[in-house]
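**Q** fold the following and give me the result.
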Amino acid sequence: MTHSSFIKSRKNILSNKLYNLIKLFKKLEEHKKENLTSFTPYLFLRFFSKVHFFLKKKKLDLKLYYSAIDNLSKEIIDILETSKNFGFKKFLKNTNLSIKNKKDLKTEDYYGILFENFSDKHYYKEPYDLLKTRLKRNNVNLQLFKNKRILDYGCGNGRYTQAIAKLSLKKLSRYNNSGEPQILGYDKSKTNILTARIKNRFSNVEYKVGDVNQNNLPKESFDIVFCNGVLHHTGDISLGLRQIYKILKSDGICIIYLSSTDGIKWYCIEAFRKILKNYNKIYFFKSLVNLNLNYNKIFYLMDHVFVKYNDLTTKKEVENLFKSSNFKIIKRFNRGHSIDDTERLFQLKKMNPKKAFSVYGYGEHRYILKKNI
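**A** The predicted model follows:
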C-alpha cells in the first residue's frame with residue numbers, strides 16, 4: 001500500500017489531520033525562491049521527538065498526538081505567513097545549504113554512510129541486547145543457534161550478524177564440513193558489505209554481496225534464515241519469501257521481522273514519506289548531522305521514510321503471505337524489548353485494548369516460520 005492511499009483509506013481524526021499536514025508541507029515546496037523547505041528537517045525532528053517521547057512513555061491519550069500534529073501545522077503556517085510578510089530569501093541564500101545541481105544518493109548508498117558511522121555501542125552491544133531479549137521474552141531457547149548454518153538475509157551493515165555470532169559461534173570452526181561459512185551475511189549494498197567485513201570480530205562469519213529477491217545461493221543450504229526488517233523494503237514480500245523457502249533446509253526455520261500497519265508511528269511515517277518524497281537525502285542527512293544527532297538516531301528517524309518501498313501489512317495479511325508462500329507459522333512474538341511497540345502493546349492492551357491498538361497498531365510482525373513439506 002502506498003503512503004497516500006494508506007492515509008486516505010483510514011477515515012479518522014488522525015488521518016484527516018495528517019492529510020492536512022501533507023498539504024501544508026506542499027505549500028512550503030511551492031515557495032522555491034524562498035527555499036522554505038530548508039525548515040523541513042528541523043520540523044521533522046521536533047515532531048518525531050515528541051511522538052517518540054509519547055510512545056516511549058506509553059501515552060494512550062490520542063489528544064497528545066493530535067496536539068503534536070496541530071502544533072506542527074501552526075509552525076508551518078507561521079513560516080508561510082512570515083515569508084509572505086517579510087521574506088526569507090536573503091537569509092536562506094547565505095546559509096550554505098543550497099543543494100542545487102547536487103546529485104542525490106541511491107537509498108542503499110545513503111544507508112551505507114549511516115551504517116559505517118555507527119558507534120561500537122550501537123553496532124555490537126545494542127543489537128545483541130535487542131535480539132537476546134526478544135528471544136528470551138518469547139521463550140525461544142538460545143541454544144537454537146548452536147551448531148547451525150545461519151544466513152543473515154539482508155544483513156545491512158552486519159550488526160545483527162555479529163549478534164547472532166555472539167549467541168552461537170564462540171567455539172565453532174570457521175567452516176562446516178562442506179567448506180561453507182557457519183554464518184553468512186548477505187546484502188545488496190557493496191558499501192554495507194565492506195563495512196560489515198571491516199567490523200567483523202568472528203572468524204566464523206563471512207559476508208557476500210547479493211540481492212534478496214534474486215539470490216544465487218545453493219538450494220536447501222541453511223538451517224536458519226534470519227531476515228530482520230528487509231522484505232518490506234523490496235517491493236515484493238512474496239518473492240522474498242519464496243527465495244527464503246528455496247534456500248532453507250527441509251527442517252530449517254526462518255526468523256523474520258516485517259513492518260505492520262496502523263498505530264501512531266506508521267500513520268506519521270507514511271505521512272512524511274509523502275511529504276519528503278522528492279526531498280534530497282544528502283541535504284536532509286547533513287541537516288540532522290548539523291543538529292548534533294548521532295548517526296544511529298538519524299537511522300532510526302529515517303529508516304522507513306526515504307526508502308523506495310515500505311510495504312505495510314495487517315496481522316491477517318502477513319500471515320496469509322506466509323501461508324501462500326508455503327510456510328507454517330511456529331510462533332508469533334507477542335513480546336519484545338522495551339523499545340518495541342510489541343512490548344508496549346503487551347503491557348497496555350489489558351488496560352485498554354482499543355486505545356492500545358490505536359497507538360501501537362499490531363506491534364512488530366516477528367515470527368518463526370517453518371517450511372510446509
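**Q** where does this structure dip in pLDDT?
**A** Low-confidence segments of the chain (pLDDT under 70): 1-8, 33-34, 86-105, 107, 110, 169-180.
**Q** and the protein, what are its domains?
**A** Domain assignment for the chain, taken from automatic domain parsing, gives 3-95+264-280, 113-261+312-371.
**Q** can you show me the strands along the stretch 1-150 of the chain?
**A** For the stretch 1-150 of the chain, the strands defined by DSSP state E, counting those that start in this stretch occupy 150-153.
**Q** how much space separates the closest residue to Asn296 other than its chain neighbours from Arg344?
**A** Nearest-residue entry for Asn296: His122, 4.2 Å, with adjacent residues in sequence omitted and distances by C-beta to C-beta, 6 or more residues apart in numbering. (C-beta placed from N, C-alpha, C; glycine too.) Applying C-beta to C-beta, to the nearest Å, the value for His122 to Arg344 is 21 Å.
**Q** between the two, which one's more packed in?
**A** For His122 versus Arg344, the count of surrounding residues by other C-beta atoms under 10 Å is larger for Arg344: 22 against 17.
**Q** element containing that one, please.
**A** Using DSSP states H and E, Arg344 maps to helix 341-348.
**Q** longest single strand anywhere in the protein?
**A** In terms of residue count, the longest strand belonging to the chain (DSSP state E) is strand 248-258.
**Q** give me the neighbour count for Leu21.
**A** 22.
**Q** quick check: it touching Glu270?
**A** No. Counting by C-beta atoms under 8 Å, Leu21 sits too far from Glu270 to count as a contact (11.6 Å).
**Q** am I right that Lys249 is in contact with Ile224?
**A** No. Contact criterion C-beta under 8 Å: Lys249 and Ile224 do not qualify, at 9.0 Å.
**Q** out of these two, which sits in the more crowded spot?
**A** Ile224 (21 against 16).
**Q** any idea how far the lengthiest helix in the chain is from the chain center?
**A** Longest helix in the chain, counting residues (DSSP state H): helix 62-85. Chain-centre distance of helix 62-85: 27 Å, with C-alpha atoms, centre = their mean, to the nearest Å.
**Q** any buried residues in that helix, and which?
**A** Neighbour counts using 16 or more other C-beta atoms under 10 Å place Leu62, Leu64, Tyr65, Ala68, Ile69, Leu72, Ser73, Glu75, Ile76, Ile79, Leu80, Ser83 of helix 62-85 among the buried residues.
**Q** ok, now which ones touch Leu184?
**A** Leu184 is in contact with Ile150, Leu151, Asp152, Val205, Glu206, Tyr207, Lys208, Phe222, counting by C-beta atoms under 8 Å, 6 or more residues apart in numbering.
**Q** distance of Ile264 relative to Leu18?
**A** Distance, Ile264 to Leu18, using C-beta to C-beta: 10 Å.
**Q** which other residues reach the helix holding Arg344?
**A** 55, 58, 60, 137, 263, 265, 333-338, 355-357, 359-364, 366.
**Q** relative to strand 248-258, how tilted is that helix?
**A** Helix 341-348 and strand 248-258 are oriented at 70 degrees to each other (axes from the mean of the first three to the mean of the last three C-alpha atoms, to 10 degrees).
**Q** any idea which helix or strand comes after helix 341-348?
**A** Scanning onward from helix 341-348 (DSSP H and E), the first element met is helix 353-360.
**Q** check the offset of that following helix from the chain's centre.
**A** Its chain's C-alpha centre and that of helix 353-360 lie 21 Å apart, by C-alpha atoms, centre = their mean.
**Q** contacts for it, please.
**A** Applying C-beta under 8 Å, 6+ apart, the external contacts of helix 353-360 come out as 55, 59-60, 62, 65, 262-265, 341-342, 344-345, 348-349.
**Q** same question for that helix: list its buried residues.
**A** For helix 353-360, the neighbour count (16+ other C-beta under 10 Å) marks Ala356, Phe357, Ser358, Val359, Tyr360 as buried.
**Q** again, but for stretch 229-242
**A** Gly229, Val230, Leu231, His232, His233, Thr234, Ile237, Gly240, Leu241.
**Q** show the contacting residues for the closest residue in space to Arg46 that isn't next to it in sequence.
**A** Nearest residue to Arg46, sequence neighbours excluded (C-beta to C-beta, 6+ apart): Leu72, at 7.4 Å. Taking C-beta under 8 Å, 6+ apart, we find Leu72 in contact with Leu21, Leu43, Arg46, Phe47.
**Q** got it, and Leu18?
**A** Ile7, Ile69, Tyr267, Cys268, Ala271.
**Q** top of these by neighbour count?
**A** Neighbour tally across the contacts of Leu18 (other C-beta under 10 Å): the maximum, 26 neighbours, falls on Ala271.
**Q** since that was my last question, I'll sign off now.
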